[in-house]
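K.L.:
give me the fold of what follows.
(one chain, ligands or ions: 1)
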Amino acid sequence: MDSTLVVFYSYTGVTRRAARLLASQHDFALGEVTDVEPRATWRCVFDSLLRRHPPIRYEGPDPGRFRNVVLMTPVWAYRLAGPMRTFATQYREKLPRAGVICTMNSGGAPNVFRELSHILGHGLIRAGAFTAGGIEDGTATADLVDFGSRLDERPVPQPTVHHFPSVLPMD
Ligand SMILES: Cc1cc2nc3c(=O)[nH]c(=O)nc-3n(C[C@H](O)[C@H](O)[C@H](O)COP(=O)(O)O)c2cc1C
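P.N.:
The predicted model follows:
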């Protein structure tokens, strides 16, 4: 069984850059979730608020081949981005050891962690949140790489949060 697959969805490019960085630093495999239908910002918001499962395409290796899969997604409207909801739902049987990384501006990551745990039916091996600013200016790079180093540390650790304000808005 191979080590780790990073599966990402990205609308404006931040999560894609973070995923490529994580994968390249650790020599992890990479897979991408994309939209089948054209997307506008208002549809991101409605997909999140209504917890929709928009149709997706997945290009990458079979997640079932990997010991760990890291799901990387933006936060939309304080919730999980719809395309990653669809991926996690479709592939849940192949994700027994999943870690999650959110990219965001300021808040909503705990809701994303909770929803993905619920979809998968078990805890996450690791969870982290990174601001888009930290990804773009490089200040998040060390913690992002560290995240990848710790995937095999504990069987089911508590979610951890990086680059994140101490008071979080929750739904
Ligand atoms: C429709 C929409 C809703 C968003 N909602 C949130 C939010 O609730 N909380 C937050 O911190 N950032 C929010 N953001 C910011 C994105 O999560 C952030 O910029 C992320 O890094 C974008 O990732 P991407 O470039 O890979 O799509 C939102 C962005 C969009 C486009």
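K.L.:
ok, which stretches of this protein are helices?
P.N.:
14-26, 41-49, 82-91, 109-120, 132-137, 141-149 (DSSP state H).
K.L.:
contacts for the shortest one?
P.N.:
What it means is helix 132-137. For helix 132-137, contacts defined as Cβ atoms under 8 Å, 6 or more residues apart in numbering pick out Val14, Arg17, Ala18, Leu21, Thr103, Met104, Asn105, Thr139, Ala140, Leu144, His163. Heads up, the C-betas are built off the backbone N, CA and C, glycines and all.
K.L.:
buried ones in it, by neighbour count?
P.N.:
Ala132, Gly134, Ile135 (16 or more other Cβ atoms under 10 Å).
K.L.:
mind listing what the residue lying closest to the first one once chain neighbours are set aside touches?
P.N.:
Nearest residue to Ala132, sequence neighbours excluded (Cβ to Cβ, 6 or more residues apart in numbering): Val14, at 4.5 Å. Remark: with contacts taken as Cβ under 8 Å, 6+ apart, Val14 is in contact with Pro74, Thr103, Ala132, Ile135, Glu136.
K.L.:
so how far is Ser24 from Val14?
P.N.:
When Cβ to Cβ, to the nearest Å is the yardstick, Val14 and Ser24 sit 16 Å from each other.
K.L.:
ok, Gln90 to the ligand distance?
P.N.:
Using Cβ to the nearest ligand atom, to the nearest Å, we find Gln90 at a distance of 20 Å from the ligand.
K.L.:
now do the contacts for that residue.
P.N.:
Going by Cβ under 8 Å, 6+ apart, Gln90 touches Ile56, Tyr58.
K.L.:
let the chain start at 34 from now.
P.N.:
Got it, the first residue is 34 from now on, which makes the last one we talked about Gln123.
K.L.:
ok, the most centrally placed residue in the chain to Arg49 distance?
P.N.:
Central residue check for the chain by Cα atoms, centre = their mean: the C-alpha nearest the mean position is that of Met105, 2.2 Å away. With distances defined as Cβ to Cβ, the gap from Met105 to Arg49 amounts to 9 Å.
K.L.:
anything in contact with each of these two?
P.N.:
Taking Cβ under 8 Å, 6+ apart as the contact criterion, the residues that touch both Met105 and Arg49 are Phe41, Ser43.
K.L.:
pick the one among the buried residues of helix 165-170 closest to Phe99.
P.N.:
Sorting those by distance to Phe99 puts Ile168 at the head of the list, at 23.4 Å, by Cβ to Cβ.
K.L.:
cheers, nothing more for now.
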